[in-house]
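Engineer: Got a predicted structure here, sequence first:
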Amino acid sequence: MTESPDLRLFVNIDHVATVRQARRTDEPDPVRAAVLVELAGADGITVHLRADRRHIQDRDVRVLAETLRTPMNLELATVEEIVAIGLEVRPAQITVVPETREEITTEGGLDLATDEAVDRVRAVVDRFREIGTRTSLFIDPERSAIDASVRVGADAVELHTGEYANARTTEERDLQIERLVRATEEARARGLDVHAGHGLTYENVAPVAAIPEIEELNIGHSMMSRAILVGLETAVIDMRQILDRARP
Ligand code: PXP
């Protein structure tokens, strides 16, 4: 039997910037938040530089790239202006995500259904690979998306856990976990590392964390929401404890 990899906790701090942008001021500062999140034991920091700049700004990405002590996972769409900033700051990892202006948050995995879409994502992945950045694709837990991710040549896939998070009945939740388990096994069998994220909370994360071959979770909204009440340090420690219990 192969041993499960350790489970890395990457904390998405976009919503620190959301609060700041609500007043277009200089606080709270995501860079300061990142320091506290790192000190509390997170394995990495995730930020999404959106084309509409609704939360994280270019300067945040640049300053974080210079100051983080843990790996940065930069989420980006295949938008040239954003890709150029990514290449400039040389993050440890990128996650390619879909993006539409109307959405409240990322709504689904990448659409890789056409050769054109695969080529567009592959072109971005190739440029980051050249500078030594690890590459991941945010996809729905579907075989077709895994096949397309292999064609793109990414190092990893991040399985979209949104449908699991939105499940309202035990049966539906069980079905979504089975779907994530199957997709994890398929992706591993095809040589892809597996991450997961979106909509994960203190209440629903344990069954996902228990899937043995998932290596990394990306969690944002729920942790920032708790941090407003109990502080960033406690929010990170509480999540870490749940992950450690799920993956002894
Ligand atoms: N993974 C990806 C690709 C995302 O786009 C997001 C949201 O920015 C997350 C994970 C984190 O989702 P949540 O904020 O719901 O934890």
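Structural biologist: Nice, thanks for sending it over. Numbering: from 1, shown residues only.
Engineer: Check what contacts the longest helix seen in the chain and list those residues.
Structural biologist: Identified as the longest helix of the chain according to DSSP state H is helix 170-189. Residues from elsewhere that reach helix 170-189, judged by CB atoms under 8 Å, 6 or more residues apart in numbering: 141-143, 146, 149, 157, 159, 161, 163-164, 167, 193-194, 196, 204, 207-208, 211, 213-214. Quick note: C-beta positions are derived from backbone N, CA and C, even for glycine.
Engineer: Could you pick out which of those are located in helices?
Structural biologist: Going by DSSP H, the helices hold 143, 146, 149, 163, 164, 207, 208 from the contacts of helix 170-189.
Engineer: Would it be right to say that residue 47 lies in a helix?
Structural biologist: No: counting by DSSP: H, G, I helix; E, B strand; the rest coil, residue 47 is not part of a helix but strand.
Engineer: buried residues in the longest helix of the chain?
Structural biologist: Residues 173, 176, 177, 179, 180, 181, 183, 184, 186, 187, 188 are the ones in helix 170-189 that count as buried (16 or more other CB atoms under 10 Å).
Engineer: Distance check, the fourth one against the ligand.
Structural biologist: What that stands for is residue 179. According to CB to the nearest ligand atom, to the nearest Å, residue 179 stands 17 Å off from the ligand.
Engineer: same question, the second one
Structural biologist: When distance is defined by CB to the nearest ligand atom, residue 176 is 15 Å away from the ligand.
Engineer: try the first one
Structural biologist: From residue 173 across to the ligand, the span is 16 Å (CB to the nearest ligand atom).
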